[in-house]
Structure formats: C-alpha cells, structure tokens
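Peer 1: after the sequence you'll find the predicted model.
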Amino acid sequence: MSDSILKDIKKTQGLGEDYTVFDDQIIMHINTAFSTLNQLGLGPVEGFMIQDDTAVWNDFLFGDPRLNNVKSYIALRVRLLFDPPTTSYQITAFDEQRKELEWRLNVQREDTEWVNPNPELQELDEIIDLGYP
C-alpha cells in the first residue's frame with residue numbers, strides 16, 4: 001500500500017493510480033466515510049477530509065496501528081457507494097462487514113476515550129434552580 005488515502009482506496013476499487021476519471025466521486029465517498037467515522041468519535045474532533053491524493057493515512061490515524069481497520073472500513077464504504085455488488089447476497093455480506101467494522105472501531109474508541117454515561121449526581125445545592133416546579 002502507498003501512504004496516499006486516495007491511491008489506496010482506488011486500488012481497492014480496481015482502479016489504477018493514474019486513472020483519474022472517477023477521482024471526484026471516489027473523494028466524495030471517502031469523505032462520507034470520514035464523516036461517519038467522526039460521528040463514531042474517531043479522528044480529529046473538527047472532522048477530516050481529503051481533496052486529492054496528497055492526504056496520507058497518518059494524517060488521520062496518527063500512526064496508531066489499533067486503527068488500521070479504518071482503511072478496510074473506508075474501502076468497503078466506498079465500494080458500497082461507488083460500485084455496489086450486483087446481488088443482494090453480496091450487498092448483505094458487505095453491509096454486515098461494514099457494521100462489524102463500525103462496531104469494532106467504536107469499541108476501540110471506547111477503550112481509549114471512555115466516558116462514564118452515569119456520572120455522579122451533583123449535590124442538590126449545586127443544581128441551578130431554573131424556576132420549574
């Protein structure tokens with residue numbers, strides 16, 4: 001694999017690095033996948049996008065090998081959006097893989113950035129009275 005996000009994803013779609021006819025569509029779908037990853041809590045808080053073949057994986061992964069399945073996830077998402085399989089069986093299989101990768105990435109994020117969903121209740125005198133009964 002090269003370090004270029006666009007070039008690597010193009011390879012997974014069966015497109016040569018020099019074949020640029022579909023680059024705008026591939027870039028759009030890659031950025032859609034990055035947006036989904038951002039909603040899952042992965043990547044920079046402000047989001048991440050590519051514009052050409054100069055963006056590299058380390059820009060998003062920051063060298064963290066625990067997030068290598070991001071590459072497969074983006075390739076799969078692009079495939080489902082750009083060139084979906086022709087049979088419902090293949091679509092279902094790809095979709096199940098996508099869901100599993102999302103789950104695994106979410107688990108990885110929770111392992112490193114977990115926030116207690118049930119924080120200690122504040123003392124009553126710390127609660128601001130908004131005038132509601």
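Peer 2: Received, thanks. Remember, it's a predicted structure, so these values are computed and weren't measured experimentally. Numbering: from 1, shown residues only.
Peer 1: for the rest of this, base every contact and every neighbour count on C-alpha atoms.
Peer 2: Fine.
Peer 1: who does the helix of greatest length in the chain touch, helix- and strand-wise?
Peer 2: Criterion DSSP state H: the longest helix present in the chain is helix 88-113. If you count contacts as 3 or more C-alpha pairs under 8 Å, 6 or more residues apart in numbering; DSSP states H and E, helix 88-113 packs onto helix 69-82.
Peer 1: list the contacts of the helix it packs on.
Peer 2: 9, 12-13, 25-26, 29-30, 33-34, 91, 94, 98, 101-102, 105 (C-alpha atoms under 8 Å, 6 or more residues apart in numbering).
Peer 1: circling back: flag every buried residue along the longest helix of the chain.
Peer 2: 94, 97-98, 101-102, 105, 109 (16 or more other C-alpha atoms under 10 Å).
Peer 1: which one among the residues you listed gets closest to Ala55?
Peer 2: Nearest to Ala55 out of those is Leu105 (C-alpha to C-alpha; 21.1 Å).
Peer 1: for Asp111, report the pLDDT, please.
Peer 2: pLDDT, Asp111: 79.
Peer 1: sorry, slip of the keys, the one I care about is Arg66.
Peer 2: For Arg66, the predicted pLDDT is 87.
Peer 1: what sits against Leu101?
Peer 2: Contacts of Leu101 by C-alpha under 8 Å, 6+ apart are 69-70, 73.
Peer 1: identify the residue spatially nearest to the residue nearest to the spatial centre of the chain, adjacent ones excluded.
Peer 2: Nearest to the geometric centre of the chain sits Leu37, at 2.9 Å (C-alpha atoms, centre = their mean). Excluding its sequence neighbours, the residue lying closest to Leu37 (C-alpha to C-alpha, 6 or more residues apart in numbering) is Gly43, at 7.1 Å.
Peer 1: if anything else comes up later, I'll come back, but that's it for now.
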